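Trainee: Give me coordinates for this.
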Amino acid sequence: MKSITLENTSFRYLEKSFGEWLDVQGYAASTVYNLPLHVRELLYYLESKKLNNIKDLTIQNIIDHYERLKERANHRRGGGLSNAHLNKHIQAMRKFTQYLRKVGRLQIPEIQIQDEATESSVKWLTTEEIQDLYKASHTETEKDNYNFIEQRTAFRSRDRAMLAIFYGCGLRRNEGVNVDVSDIDFDKGLLHVRKGKGYKERFVPISKTSQKHLQEYIYDHRPNLIKQPSEALFLSTYGTRMQGQSLSLRLKYLIMKSENLELIEKEAGLHTLRHSIATHLLKAGMRLESISRFLGHSSLESTQIYTHLEEQE
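Mentor: Numbers count the residues shown, from 1 in each chain. Okay, the predicted model is just below:
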């Protein structure tokens, strides 16, 4: 909780340095902001027990704190904390103990608390809906009121390249934003993800269809968007690197252009494309371990959600 104030100077420093560590590891800004707030509650609990040195932290302390959280009221909405919110606390404590081990502050075992059960909020698109997005990228409407036909054509080609990156290659939002042209090796059919989650690198195979869309964009249409030297794959109207919000707006534009009401109602985002390719690969018979490597997951736990999606059908 934001309203909690830590009296212990070393605990305040730990909270701050934990956030800085998350930032250096490449986590999203929301994670860098929220996880230290959850850790603050753990440190506040230690203070309440007169434990003012981080070396006093034990797994039992963490378990006791978590049991207390399960009984704590939700101060904003009333009632207790939701399972999803409790899982955020579990994530924060896992990462915090990992941070303590990495920086040599405390050799504490990994936390074995099981995540609370939640209804899957993962959205994904059918193969037919993905095809509708590609079709929409080929159609020109009266709303396409750009001044030059070369630019309109370039935007539509860029849309297909966007689908190739976020659906075909299953990249996360920030991974796709940071892709450079030089990261794509057409000879080997591989995409080098240099700035993955936690700054982990990986190579992602590119299907022949995705290669075709990327080649058409890079060689035939991207040059029409260049205003200044840039290695960025996705260029804006001004010739600068497109950010996640701009790419998300283009995806929403394609969705509305598809005129598929079921697709429109799903309110899909860039991450939905990633969930979609993972689900489709699983349905096609790919092993979970291979999908996990493809997505750049650090463990199979993160990939397990797609088995649940398949069971729901």
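
Trainee: What segments of the stretch 201-313 of the chain are strands?
Mentor: 202-205 (DSSP state E, counting those that start in this stretch).

Trainee: Show me the shaky parts of it.
Mentor: 301, 307-313 (pLDDT under 70).

Trainee: run the last query once more with 50
Mentor: Low-confidence segments of the stretch 201-313 of the chain, defined by pLDDT under 50, are located at 311-313.

Trainee: hey, where'd the helices end up in the stretch 1-150 of the chain?
Mentor: Along the stretch 1-150 of the chain, counting by DSSP state H, counting those that start in this stretch, helices occupy 9-24, 29-48, 59-71, 83-102, 127-138, 149-163.

Trainee: Could you save those as JSON lines and add columns showing distance to Ile264 and mean neighbour count?
Mentor: (Glycine included, C-beta is placed from N, CA and C.) Below are the helices of the stretch 1-150 of the chain laid out as JSON lines (distance: least, CB to CB, whole Å; neighbours: other CB atoms under 10 Å):
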{"stretch": "helix 9-24", "distance to Ile264": "35", "mean neighbour count": "16"}
{"stretch": "helix 29-48", "distance to Ile264": "26", "mean neighbour count": "18"}
{"stretch": "helix 59-71", "distance to Ile264": "38", "mean neighbour count": "14"}
{"stretch": "helix 83-102", "distance to Ile264": "26", "mean neighbour count": "18"}
{"stretch": "helix 127-138", "distance to Ile264": "10", "mean neighbour count": "17"}
{"stretch": "helix 149-163", "distance to Ile264": "17", "mean neighbour count": "20"}
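
Trainee: Met256 is nearest to which of those?
Mentor: For the helices of the stretch 1-150 of the chain, proximity to Met256 was assessed by CB to CB; helix 127-138 is nearest, at 8.5 Å.

Trainee: coming back round to it: Glu267: which of the helices of the stretch 1-150 of the chain is closest?
Mentor: Across the helices of the stretch 1-150 of the chain, closest to Glu267 is helix 127-138 (CB to CB), at 12.6 Å.

Trainee: Render the CA-only coordinates of that closest one in PDB, please.
Mentor: Output of helix 127-138 as PDB, limited to C-alpha atoms (Å, rounded to 0.1, in the frame of the first residue of the first chain):
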ATOM      1  CA  THR A 127      -7.100 -18.400 -37.300                       C
ATOM      2  CA  GLU A 128     -10.100 -17.000 -39.300                       C
ATOM      3  CA  GLU A 129      -9.900 -13.700 -37.300                       C
ATOM      4  CA  ILE A 130      -6.100 -13.500 -38.000                       C
ATOM      5  CA  GLN A 131      -6.900 -14.000 -41.700                       C
ATOM      6  CA  ASP A 132      -9.500 -11.100 -41.500                       C
ATOM      7  CA  LEU A 133      -6.700  -8.800 -40.100                       C
ATOM      8  CA  TYR A 134      -4.500  -9.700 -43.100                       C
ATOM      9  CA  LYS A 135      -7.400  -9.100 -45.500                       C
ATOM     10  CA  ALA A 136      -8.100  -5.700 -43.900                       C
ATOM     11  CA  SER A 137      -4.400  -4.700 -44.400                       C
ATOM     12  CA  HIS A 138      -5.000  -5.200 -48.200                       C
END
